[in-house]
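Undergrad: Here is my input, please return the structure:
(4 chains, ligands or ions: 4)
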Protein chains: 4
Amino acid sequence: MFITAQFDSGNIEVIEANTPDNIQLAIRKDNQSEFYQWFHFKLYGEPGVEHVMHINNAGQSAYPDGWKEYSALASYDRENWFRVPTEFNGKELIIRHSPDQESVYYAYFTPYSYERHQDLVQWAQQSIECQHVLLGPTLDGRDMNLLVIGEADDQKNKIWITARQHPGESMAEWFIEGLLSRLLDDEDGTARKLLENNVFYVVPNMNPDGSVRGHLRTNAVGVNLNREWAEPSVEKSPEVYYVLQAMQETGVDFYLDVHGDEALPYNFLAGCEGVPSYTDEMHQVGEKFKQILLAITPEFQVEHGYEVDKPGEANLTVASNAVSERFNCLAFTLEMPFKDNANLPDVDFGWSANRSQQFGADVLSAIYGIANSLRS
Amino acid sequence: MFITAQFDSGNIEVIEANTPDNIQLAIRKDNQSEFYQWFHFKLYGEPGVEHVMHINNAGQSAYPDGWKEYSALASYDRENWFRVPTEFNGKELIIRHSPDQESVYYAYFTPYSYERHQDLVQWAQQSIECQHVLLGPTLDGRDMNLLVIGEADDQKNKIWITARQHPGESMAEWFIEGLLSRLLDDEDGTARKLLENNVFYVVPNMNPDGSVRGHLRTNAVGVNLNREWAEPSVEKSPEVYYVLQAMQETGVDFYLDVHGDEALPYNFLAGCEGVPSYTDEMHQVGEKFKQILLAITPEFQVEHGYEVDKPGEANLTVASNAVSERFNCLAFTLEMPFKDNANLPDVDFGWSANRSQQFGADVLSAIYGIANSLRS
Amino acid sequence: MFITAQFDSGNIEVIEANTPDNIQLAIRKDNQSEFYQWFHFKLYGEPGVEHVMHINNAGQSAYPDGWKEYSALASYDRENWFRVPTEFNGKELIIRHSPDQESVYYAYFTPYSYERHQDLVQWAQQSIECQHVLLGPTLDGRDMNLLVIGEADDQKNKIWITARQHPGESMAEWFIEGLLSRLLDDEDGTARKLLENNVFYVVPNMNPDGSVRGHLRTNAVGVNLNREWAEPSVEKSPEVYYVLQAMQETGVDFYLDVHGDEALPYNFLAGCEGVPSYTDEMHQVGEKFKQILLAITPEFQVEHGYEVDKPGEANLTVASNAVSERFNCLAFTLEMPFKDNANLPDVDFGWSANRSQQFGADVLSAIYGIANSLRS
Amino acid sequence: MFITAQFDSGNIEVIEANTPDNIQLAIRKDNQSEFYQWFHFKLYGEPGVEHVMHINNAGQSAYPDGWKEYSALASYDRENWFRVPTEFNGKELIIRHSPDQESVYYAYFTPYSYERHQDLVQWAQQSIECQHVLLGPTLDGRDMNLLVIGEADDQKNKIWITARQHPGESMAEWFIEGLLSRLLDDEDGTARKLLENNVFYVVPNMNPDGSVRGHLRTNAVGVNLNREWAEPSVEKSPEVYYVLQAMQETGVDFYLDVHGDEALPYNFLAGCEGVPSYTDEMHQVGEKFKQILLAITPEFQVEHGYEVDKPGEANLTVASNAVSERFNCLAFTLEMPFKDNANLPDVDFGWSANRSQQFGADVLSAIYGIANSLRS
Ligand SMILES: [Ca+2]
Ligand SMILES: [Ca+2]
Ligand SMILES: [Ca+2]
Ligand SMILES: [Ca+2]
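TA: Ligands and ions are numbered 1, 2, ... in the order given. Modelled structure (predicted):
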């Protein structure tokens, strides 16, 4: 038996792995941080034998509620990921699986590798509608990539979409892939019409360092980027610093920041009701955005979500609030589940890469429905 | 130089083809009928030389208005079809093209072959959600195929969708392919939710004989199937006879009949306002259906279309009217253009197979939006 | 239950098909001919129930030995074909199969449709190395297609390859597809080197009319093309007439005519030892060709095959003999099995489309090995 | 402008990159080693502007002769790699390129990423013929993967194939991918016949640590694995240690160690003529192996290569020699070029990933030809 996490976004520590029925593991903390929850490792074991994997430190992870009714993902070929029996006893997360093959990968959610990220950027760049902009280096020396889609023009809405500030929320980049596939399809009518009056600024991965390092929530130096939007710095949060700088050059008329939520088994939006300059008009356009999503996909709902901020009580270090306030625009945090959509459960796969992609494509339809109302 | 139409859905007659600058052609009439407009042929010519193809009898075709601002489709590889310069002088349709390769196919619209039809049926059949039902033989001995999607249940809505009564309207089967691809995708949330409460009965091709024969509008014996719904017969319109028989067994709660329109450069719906039993309730649900489509795709519009029938004046030999009246349900004829969507023109490709597929997928979203209102 | 053969290369007549356990069928004869053996039909039946299909007239077919140890091919998706239990009692061929799906296709061998043929020609044409030449019309009005690969040059060998004179031998066109895929691959070293000194003239389908009609052995008017090479005529055998005409314009340095053999479960070559002008030199080059094939693939063998013609006793109406004699070149008939390669049996699939393709690719290696010896 | 190598197998140091016409770069040395030659980086520059990239320390790299007549590889999409103008002045390697897109990747040879390596292993594992064996950890904690193909049996030949001891020789793993694709194709006759009497032991990547680190020649601690076969250690060369251990358990009847050569523009084999126990019989089988390759592919040749070792003078620290001597078997080092095959040059692509794959597939044909002679 052998367990390794020595690969892109790998994260596990082996405490003991001598017999299949007693595998003791722990998740590594994000570098210079107390956060941890993301795991991703390869087991080389015995086909047909049940392997019982205890993640010992699950109870003290960032979101212990995330483990309730959660099932881990497994894959033999790293392309098809399925759920395997998992239980949480308040202390340990226990994964039980009898693999069909010698080796299996397990992960908190279907990984989106840095290789795929690079492929995505290079693929998008080749579209005549898309320009690749390099914003600057991360602390580990990776490049912050921005894709500008549509020809720039002052008259057009500037729509900003960022994803994966929290690197363990890989569904956020699957969402972006689905959205981009549609936005760059030159026979998709919605995309073509959108590009007549809107320019999209898409950051597929806000946190490449954390992604490669197998972090849950922070960048290379343990900083939670989604608390850095008040005063980002090149030293500690260059990812936010460079993006905010670019936003200032373009302006922002609508902003979507894409995330995954560990606990809630639903897709939902968190608005910026608490920012000082929030307006009724914003609220109405925001409601229309939700209504269209509700009408076109059962993957979306509005009953479950975060508590709405009271007027003026928004945390302005958070991306969606900060951008809304600074640019006086409608902004949302979009959350997808790690578990499943409880309104439409799928026992075998749960919430998945494919569903994230489809949701990304569907969100374009909702943006199309409000695009004319974004500038008053 | 050589011109042939001796293949699936081929249609052309060569009057004279001696020099590239003077190719004289005519479209064959549908068998036992005066209708003609569909063409599909292969030219073997000289790369780099302009070929001027005159379709001599275009002026007397079924829809001469169809030739105005129309551009013919061409393809080297039979997969990618693009528009080539075409003019209509009231009498002849003149296609001018300097091919890059030795041989080129030309067609009125991107063909959907009978081989592909068979592949589609066999592919769909393999889904656990889909049952293949063979309704009976056509006059040429082909099989009328029905796909039943979702587990039958009296409580569920019965949604019927038929396509290509008029075989030259090949976009109708591309539409079905797009719709089925989504409906049978087991990770598509809209599809999964729809199948909880709805059963779909889909006839991908109502007129296989006419399709293979290269007809525009009629079946093997020159019958316009969309005028046979009052009293279809096994002798002259078995295609309609068998489908109506199956509808009577299942009932119908919503019906969509998919077509192409030769003249209007728009996607639109024609309702059944003129049927005796039309109700306000139907009207409201129908309007909601249109509103959702308007909200999600610029490929749809409601300004251009057919004149609305006055109450009680519907032609009850037409499928959508006949089915609405007989089953007391909402029904539409859905029309797509041969030319382009003038609201979103694409000079290179015009309305296309891909756009038809995407529209088919989008229509599912609109059905999802009204599904709960189909039974009162 | 319903059985139809009303599609490309379909062939069956239904005598009785009322209950799954007693389906009585017959194969149609080729038009204006006594030959028959090819069958291809669709059964719409009951999943999970054994269907017993009796082909009543199998015992009087062209090659009754072909039915011994033969298993019919079946497919649900028309792409993956597998063998099903089949027995021959000297009179009837009996196929027993309990389908997993509502409908299944059965065939004598994996069909190669006319649609795919057209796709192949158009695909090949797009290569810069390939020129599409249209030789003339068949009796049904189809086009005889020749692909010329490599830039013409008097110094280069002219290598002619024809396939499917007998339309029921569909493996011959699968072989061509495999050979062309490699020959037109611009990163395949063997192909690139071959094209430096050789020009290939490939006729992927010598008998398109018979292929579409579901014939075994003859063209539209019942003529066996492989007995027409002494004196082909535009009236009865235009397929051969036009090809021979083109050969006379180019000359021939090596000729391969690709076939399937109903009885022998082996791949083998039949030479032209019996033609008057056969030489020792030809013999040696031919032996080298066989030796290379033996060395590189277990799919080839030399123990089983046709009896070798005695000197001067060759039938000069047969393609390989006629071409060898007329052009004084090495020529072979290449035969593949309908059953299997008994040296490497595959119970599930038998000889297959994939194996035919791979064999076509491998034959290029053997041509490469003798190319320098083709002109003395 | 921005240059980064912070990704899988990245290697470059930026000395100065302020203007496109004067980009000064250097290749990093392998960790704890003086070797360097592999480079791989992403340039974010200006489309349409010539970028002149000087690799300053090229003249002191491991194989300065490798830069003569060498052209660097470039790719926009990381899938299609093409050659760009490159010159070597004895000191610097100068790459000149005007990119069509904002960003471009450059590399010494088409990279084979560790992600792709993992995909390959997982894909292979799923074959019923293939068993995945994990040999042990590398120094960086990666897993050494062995693929066992064919059912083990004492009577069968044990054929070992290893690749990429030198991690910068990425063509070696492309070769393995081509070889495995064929060996695991259950309709490939050669593969099926080979597996009747032979078991293959394939190590796709002998040096995963060096590969990820962007090394040319050594493992994580600067050790050249191809000089460790006399006495490998878990501490310094676990990669060799574990493989040799596994070889001892199985025995070896034929061994191929796959490499790339920096200087010679040819594919060639280096034998083990200098090992003490070399025999005439080995020599004859080896010659037959070469003869078959010569007969079937112009990518192979025997005129250019390394000098043959004199009897008894082999370096027994080298894999092929060590294995030949220890297991008394025929063994070869197979070398492919970084540049091109000068016998069949391709100005646009040079020697390529595709050609490496095809060569891997072709080598199987040659093994098939000698398999019966491997045990005397
Ligand atoms: Ca671009
Ligand atoms: Ca089914
Ligand atoms: Ca060409
Ligand atoms: Ca396996």
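Undergrad: show me the contacts for the nearest residue to residue A:38 once chain neighbours are set aside.
TA: Counting by CB to CB, 6 or more residues apart in numbering or on different chains, the nearest residue to residue A:38 once its immediate chain neighbours are dropped is residue A:168, at 3.4 Å. C-beta: built from backbone N, CA, C; applies to glycine. For residue A:168, the contact set (CB atoms under 8 Å, 6 or more residues apart in numbering or on different chains) comprises A:37, A:38, A:108, A:109, A:210, A:215, A:216, A:217, A:260.
Undergrad: Restricted to helices, list these.
TA: Among those, the ones falling in helices (DSSP state H) are residue A:210.
Undergrad: one step back: over to the residue nearest to residue A:38. Which of the three states is it?
TA: Reducing the assignment to helix, strand or coil with DSSP: H, G, I helix; E, B strand; the rest coil, the entry for residue A:168 is coil.
Undergrad: Just the local confidence number for it, please.
TA: Residue A:168 is assigned 98 on the pLDDT scale.
Undergrad: List phi and psi for it.
TA: According to degrees, to the nearest 10, the main-chain angles of residue A:168 amount to phi -70, psi -10.
Undergrad: quick one: it and chain D, what's the gap?
TA: In this structure, residue A:168 and chain D are 18 Å apart, going by CB to the nearest CB, to the nearest Å.
Undergrad: Repeat that for residue A:247.
TA: If you measure residue A:247 against chain D using CB to the nearest CB, the figure is 20 Å.
Undergrad: again, but for residue A:103
TA: With distances defined as CB to the nearest CB, the gap from residue A:103 to chain D amounts to 6 Å.
Undergrad: Quick check: beta-bridge partners of the closest residue in space to that residue that isn't next to it in sequence?
TA: If you skip the residues right next to it in sequence, residue A:103 has residue A:44 as its closest partner in space, 4.7 Å away by CB to CB, 6+ apart. For residue A:44, the residues forming beta bridges with it (DSSP bridges) are residue A:2, residue A:103.
Undergrad: And residue A:25, by the same measure?
TA: On DSSP bridges, the residues paired with residue A:25 through beta bridges are residue A:14, residue A:55.
Undergrad: re earlier: just the ones of the contacts of residue A:168 in strands?
TA: Judged by DSSP state E, the contacts of residue A:168 include residue A:260 as members of strands.
Undergrad: buried set for stretch A:99-115?
TA: Residues of stretch A:99-115 classed as buried by neighbour count (16 or more other CB atoms under 10 Å in any protein chain shown): A:99, A:101-115.
Undergrad: Likewise for stretch A:35-49?
TA: Buried residues in stretch A:35-49, defined by neighbour count with 16+ other CB under 10 Å: A:35, A:36, A:37, A:38, A:39, A:40, A:41, A:42, A:43, A:44, A:45.
Undergrad: Surely residue A:305 forms part of a strand?
TA: No: per three-state DSSP, residue A:305 lies outside any strand segment and is coil.
Undergrad: So what's the residue count around it?
TA: By the other CB atoms under 10 Å in any protein chain shown criterion, the neighbourhood of residue A:305 contains 17 residues.
Undergrad: could the buried residues of stretch A:35-49 be laid out in TSV, adding distance to residue A:8 and pLDDT?
TA: TSV is the format used below for the buried residues of stretch A:35-49 (distance: CB to CB, whole Å; pLDDT from 0 to 100):
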residue	distance to residue A:8	pLDDT
A:35	19	97
A:36	18	98
A:37	18	98
A:38	12	98
A:39	14	98
A:40	9	98
A:41	12	98
A:42	12	98
A:43	17	98
A:44	18	98
A:45	21	97
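Undergrad: Could you single out the nearest of the residues you listed to chain D?
TA: Using CB to the nearest CB, residue A:44 is the member of the buried residues of stretch A:35-49 that lies nearest chain D, at 4.1 Å.
Undergrad: And that closest one, how close does it get to chain B?
TA: Noted for residue A:44: a distance of 29 Å to chain B, by CB to the nearest CB.
Undergrad: Fine by me, we can end here.
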